[in-house]
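Trainee: Sequence and predicted model, in that order:
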Amino acid sequence: MIEQDQHFHLDIFAGPLDLLLYLIRKNEVDIYNIPIQRITEQYLKYLELMKILDLDIAGEFLSMAATLMHIKSRLLLPPEEREELEEEEEDPRWELVRQLLEYKRFKDAADLFGNLERDQGKTFSRKPAVPDPVPAAELPLAEIDLFKLLDAFSEVLNEAEKRRPPEFEPDPFTLDDGRARVLERIAPREAILFHLLFDRGEPRTRVVVVFLALLELIRQQAVQVVQQGHFSEIMIRKVIPAGAG
Amino acid sequence: MSPKNISLKRVVEAILFVAPEPISSGRLDELTAGIRKEGERVKDALAELAGEYESEERSFTIRKVAEGYQLRTREIYASWIRNLYRTRRTVYLSKPALETLAIIAYKQPITRSEIEAIRGVAVDGILKSLLERELIKISGQKEVVGRPYLYRTCRKFLEHFGLPSLAALPPLESRETPSGKKIISAAQLRPAPPEAGEGIEPEETQ
């Protein structure tokens, strides 16, 4: 499916703490009382998805998985044994909670900075004669909720799984094809519902390739992921360069 | 037709009009030394100009940015100006970059490993690109084993976010839950009695 040398390093997932906060929010659970079992299961599911995508999973994601499983195992001990083992020790979740709360303060501040940045982007001053060049390869990424996008991908993948036709021939569909498809489908309307990027009964490998192509386009800021409301479907939109606004 | 009198206000306006970057009040003081009369202050001239732009509904205004003053267009005119600069793309920072910058902004000077302890991921690549964009700088080395570099934000950081000064950073949220629950001690987090089912959940049926 994906060629060997196309190992993706997408620096777009903010990190394991971000994923955990996302899961806590999504499950509407109390950060002070994290249901470790449920959250761990879901966390591992995301790692699985990243593996399917052949994303270069940062080591920190794996080490957080180990931490979660360790906490889980300690909580699973019968209460008597736990007391024996811990004596003066605290809830095994505490250190993680502390870390999450500390991280969240800065994550919230980062959101605020994002707003300030956008506001500032709407006002202009006299610029030095030469605008600072931003090399294309260094283009930072637009802000989107990528875990949400992974969720949507997971749904499409499940659909593909159900309809998988029994065929084992190599699919000649390349990443460039995937890219072309995404752009083609967006083109007529400048935006498209996420699931319409995929075809019914499409082989799983092709779904993966199209999704990878989408991630790459996001990274290049060629497309943008938007969502109108909390529960509305994710849409993919063409990015109109601000300069051409 | 030229004005009868050259006023401090108009000189300040002229300087702001051509200045390519925010200009501090100290610098304005220096530049207007020859015209400033006894008791006249640059600050008052700036306030007067700002009031004028406001009441005349000018398309621009005076903004305090990065410890200085700058003429900037009002937001509602953004789309027309973007048409002027077709080739210049507004590039926004990524989420990881914003998080890293936020940590540096509030905790500066700070080392890479201290940032990583908060974010829970490696930040070397991000630091490199923030350094390249001159949003941060290396301000020294910490006097601990290994003498790691310390990072600080630069003036460009303030400009990028339209902040008047570091002191004007929005206050960092205290560690509170949305319900207003203050951070609680570890003791309060002790596992509840088993019957409460805290922590360990029954197998979920989906």
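Mentor: Received, thanks.
Trainee: hey, C-alpha coordinates of the lowest-mean-pLDDT helix or strand in chain B in PDB?
Mentor: In chain B, the helix or strand scored least confidently by mean pLDDT, DSSP states H and E is helix B:78-84, which has a mean of 82. The C-alpha trace of helix B:78-84 is given here as PDB (Å, rounded to 0.1, in the frame of the first residue of the first chain):
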ATOM      1  CA  ALA B  78      -8.400  43.600   6.200                       C
ATOM      2  CA  SER B  79      -9.900  42.100   3.000                       C
ATOM      3  CA  TRP B  80      -9.000  45.100   0.800                       C
ATOM      4  CA  ILE B  81      -5.500  45.100   2.100                       C
ATOM      5  CA  ARG B  82      -5.100  41.400   1.500                       C
ATOM      6  CA  ASN B  83      -6.000  42.100  -2.100                       C
ATOM      7  CA  LEU B  84      -3.100  44.500  -2.200                       C
END
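Trainee: That helix: which residues count as buried?
Mentor: By neighbour count with 16 or more other C-beta atoms under 10 Å in any protein chain shown, helix B:78-84 contains the buried residues B:78, B:81, B:82. To be clear about C-beta, it is placed using only N, CA and C from the backbone, and glycine gets the same treatment.
Trainee: go on, stretch B:13-29?
Mentor: B:13, B:15, B:16, B:19, B:22, B:23, B:25, B:28.
Trainee: quick one on the thing from earlier: and the buried residues of helix B:78-84 near chain A, which?
Mentor: Counting by C-beta under 8 Å from any C-beta of the partner chain, B:78, B:81, B:82 from the buried residues of helix B:78-84 sit close to chain A.
Trainee: still on that earlier bit, any chance you could list what contacts the helix or strand following the least confident helix or strand of chain B?
Mentor: Proceeding N to C from helix B:78-84, the next assigned helix or strand is helix B:95-107, under DSSP states H and E. The contact list for helix B:95-107, computed with C-beta atoms under 8 Å, 6 or more residues apart in numbering or on different chains, reads A:11-12, A:14-15, A:18, A:106-107, A:109-114, A:117, A:140-141, A:143-144, B:93, B:110, B:114-115, B:118-119, B:121, B:123, B:126-127, B:129-130, B:135-136, B:151-153, B:157, B:166, B:169, B:172.
Trainee: And for stretch B:17-27?
Mentor: Residues from elsewhere that reach stretch B:17-27 (C-beta under 8 Å, 6+ apart): A:126-129, B:15-16, B:42-43, B:46, B:64-71, B:159.
Trainee: Those in strands, which ones?
Mentor: Judged by DSSP state E, the contacts of stretch B:17-27 include B:64, B:65, B:68, B:69, B:70, B:71 as members of strands.
Trainee: shaky segments in chain A?
Mentor: Scanning chain A for pLDDT under 70 picks out the ranges A:1-13, A:56, A:79-89, A:128-145, A:163-169, A:228-232, A:240-245.
Trainee: Relative to chain B, how far out is the residue nearest to residue A:22 when sequence neighbours are not counted?
Mentor: Leaving out its chain neighbours, the residue that sits closest to residue A:22 by C-beta to C-beta, 6 or more residues apart in numbering or on different chains is residue A:147, at 4.5 Å. Residue A:147 sits 11 Å away from chain B, going by C-beta to the nearest C-beta, to the nearest Å.
Trainee: now residue A:180
Mentor: Remark: distance between residue A:180 and chain B (C-beta to the nearest C-beta) = 23 Å.
Trainee: what about that residue, is that helix, strand or coil?
Mentor: Recorded secondary structure, residue A:180: helix (DSSP: H, G, I helix; E, B strand; the rest coil).
Trainee: so what's residue B:29 up against?
Mentor: Residue B:29 is in contact with B:36, B:42, counting by C-beta under 8 Å, 6+ apart.
Trainee: ok, is the longest helix along chain A in contact with chain B or not?
Mentor: Ranked by residue count and defined by DSSP state H, the top helix of chain A is helix A:94-120. Yes: judged by C-beta under 8 Å from any C-beta, helix A:94-120 comes into contact with chain B through A:94, A:97, A:99, A:101-103, A:105-114, A:116-120.
Trainee: Which residues in that helix does the neighbour count mark as buried?
Mentor: Those would be A:94, A:96-97, A:99-107, A:109-110, A:112-114, A:116-117, A:120, for helix A:94-120 by 16+ other C-beta under 10 Å.
Trainee: Kindly report the same for stretch A:28-38.
Mentor: Within stretch A:28-38, the residues scored as buried using 16+ other C-beta under 10 Å are A:31, A:32, A:33, A:34, A:35, A:36, A:37, A:38.
Trainee: May I have it as PDB, with CA atoms only?
Mentor: The C-alpha coordinates for stretch A:28-38 follow below in PDB (Å, rounded to 0.1, in the frame of the first residue of the first chain):
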ATOM      1  CA  GLU A  28     -17.300  14.100  29.800                       C
ATOM      2  CA  VAL A  29     -15.500  12.700  32.800                       C
ATOM      3  CA  ASP A  30     -14.000  14.500  35.700                       C
ATOM      4  CA  ILE A  31     -10.300  15.200  35.400                       C
ATOM      5  CA  TYR A  32      -9.900  14.600  39.100                       C
ATOM      6  CA  ASN A  33     -11.500  11.200  38.800                       C
ATOM      7  CA  ILE A  34     -10.400   9.700  35.500                       C
ATOM      8  CA  PRO A  35     -11.900   6.300  34.600                       C
ATOM      9  CA  ILE A  36      -8.500   4.900  33.800                       C
ATOM     10  CA  GLN A  37      -9.700   1.700  32.200                       C
ATOM     11  CA  ARG A  38     -12.000   3.400  29.700                       C
END
